[in-house]
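J.: let's see this in three dimensions:
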Amino acid sequence: MNYWLVKSEPFKYSWDHFVTEGEAVWDGIRNYQARNNLMSMKTDDLVLFYHSNEGKEIVGLAKVSKEFYPDPTTEEKGWVVVNLVPVAKFPKTVTLAEIKADRRLQDMLLIRNSRLSVIPVRLEEFDLIVAFAHEV
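T.: Have a look, this model is predicted:
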């Protein structure tokens, strides 16, 4: 199993909207590295859902429900989408400030390549973030 993080601006597509829909086609990715990450996603891989720009926080957990296929929003060849389904909203959000403050997460791509919208997450990073989200 692999672990990922996807970013969405909450005013465009929030966690609550995602939950209401029940499944999302993760479309509109126009960065080659992010596209390659989508192509590496496998069914049932776990995905951290991050609100970018507003909030700057990880709000929930999703999973890949369908592996990559051509992006239906463009005629350009080579762009792909995956389908995601929500798993759980975190009891506590995990902010970017909290992530930056933890030395164990200093190499996380969310910090090192902050503009990338689909990023792989190492198991150790994933476990720490899930633990932070469940702290009382």
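J.: which parts of stretch 101-120 are buried?
T.: 105, 108-110, 116-120 (16 or more other CB atoms under 10 Å). (Each C-beta comes from the backbone N, C-alpha and C, glycine too.)
J.: distance from it to the middle of the chain?
T.: Mean C-alpha position of stretch 101-120 versus that of the full chain (CA atoms, centre = their mean, to the nearest Å) differs by 12 Å.
J.: ok, stretch 122-136 next?
T.: 14 Å.
J.: now swap in stretch 93-109 and tell me
T.: Taking CA atoms, centre = their mean, one finds the center of stretch 93-109 at 15 Å from the center of the full chain.
J.: tell me which strands and helices the longest helix along the chain is in contact with?
T.: Criterion DSSP state H: the longest helix present in the chain is helix 123-133. The contact analysis (3 or more CB pairs under 8 Å, 6 or more residues apart in numbering; DSSP states H and E) places helix 123-133 against strand 3-8, strand 46-51, strand 57-70, strand 80-95.
J.: on that earlier part again, of the buried residues of stretch 101-120, which is the nearest to Glu23?
T.: Val118 (17.1 Å; CB to CB).
J.: where does pLDDT dip in the chain?
T.: Counting by pLDDT under 70, the chain contains low-confidence ranges at 136.
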